[in-house]
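Student: show me how the following folds:
(one chain, ligands or ions: 1)
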Amino acid sequence: MKTVLNLGTFYMNAYLISLKDGWLLLDTGYPFDYKHFLRKARRMKIDLSSIRYVVLSHVHADHAGFLKKILADTGAKLICLPAEKERLASGANVKDVYISRKVLLPLNKLSAALPAFQTFEPLDVSGCIDPETQPLAEEGITFFVLHGHTDNDLCLRFEDKIFVGDVCMNGAGAAGYSPLWIEDNAALTESWRTLLQTEGDCLYPGHGKPFPKSALAKFIDKQARRKLCKLFK
Ligand SMILES: [Zn+2]
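Tutor: Residues are numbered from 1 along each chain as shown. Predicted structure coming up:
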């Protein structure tokens, strides 16, 4: 059985998953979270050079924040979708998004104006490993792609666990299990349906605590009808 550790902050998960030899890191925090990550790694006696792979679930500043730094400091290989090349090279979040909680719109408009929350070091990912080639099949890890939170949301699964990035979540401003930011709610709802058909019972979100897949089933219809508001008119 694999070990799962969390080197994230109170608002963001950065999962370390054990491999036969070393670790896989799933997502990084904001750029300014790197010191916290390093401190936590030291405390947990994780040798940075034992991180063999870094997986990026999707291109948002709170997931790709210190991606470039950690790749340089560990020598790890990056697993991310080649389709995200442009977004990663831009170094910034896409602005064409909807917010699932109207009450948080002013706060989101404020944070959208602060580069610290919206940008990360741009990255050339020409040489990255395409997850759709299933590079860690021997480790029992399968990759698949969902949509809706961003254009492409990379998920991975092993044993009874599915790591869903921000496709559904219960932390950091989530509305029930709905992510706060949504690019395409129809695609997101469809992704939830796909998740219910996918092997694995426990969902590990990018924000919040793991929860059973069955909990999501009750909210799908509500999610399909959810009224969203545009972050930028
Ligand atoms: Zn996100």
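
Student: low-confidence regions, this structure specifically.
Tutor: Applying pLDDT under 70 to the chain picks out residues 233.

Student: please name the nearest non-neighbouring residue to the one residue sitting closest to the centre of the chain.
Tutor: Taking CA atoms, centre = their mean, the centroid of the chain lies closest to residue 165, which sits 3.2 Å from it. Once flanking residues are discounted, residue 165 sits nearest to residue 57: 3.1 Å by CB to CB, 6 or more residues apart in numbering. Just so you know, the C-beta spots here come from the backbone N, C-alpha and C atoms, and that holds for glycine as well.

Student: who's in contact with that neighbour?
Tutor: 26-27, 63, 153-155, 163-166, 206 (CB atoms under 8 Å, 6 or more residues apart in numbering).

Student: switch the cut-off to 10 Å
Tutor: 15, 26-27, 63-64, 80-81, 146, 149-150, 152-156, 163-167, 205-206 (CB atoms under 10 Å, 6 or more residues apart in numbering).

Student: same question for residue 90.
Tutor: Residue 90 neighbours (CB under 10 Å, 6+ apart): 59, 119-120, 122-123.

Student: make JSON lines from those residues and add secondary structure and neighbour count to it.
Tutor: Conversion of these to JSON lines gives the following (DSSP: H, G, I helix; E, B strand; the rest coil; neighbours: other CB atoms under 10 Å):
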{"residue": "59", "secondary structure": "coil", "neighbour count": "30"}
{"residue": "119", "secondary structure": "strand", "neighbour count": "17"}
{"residue": "120", "secondary structure": "coil", "neighbour count": "26"}
{"residue": "122", "secondary structure": "coil", "neighbour count": "14"}
{"residue": "123", "secondary structure": "coil", "neighbour count": "22"}
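
Student: and which of these is nearest the ion?
Tutor: residue 59 (8.4 Å; CB to the ion).

Student: alright, calling it a day.
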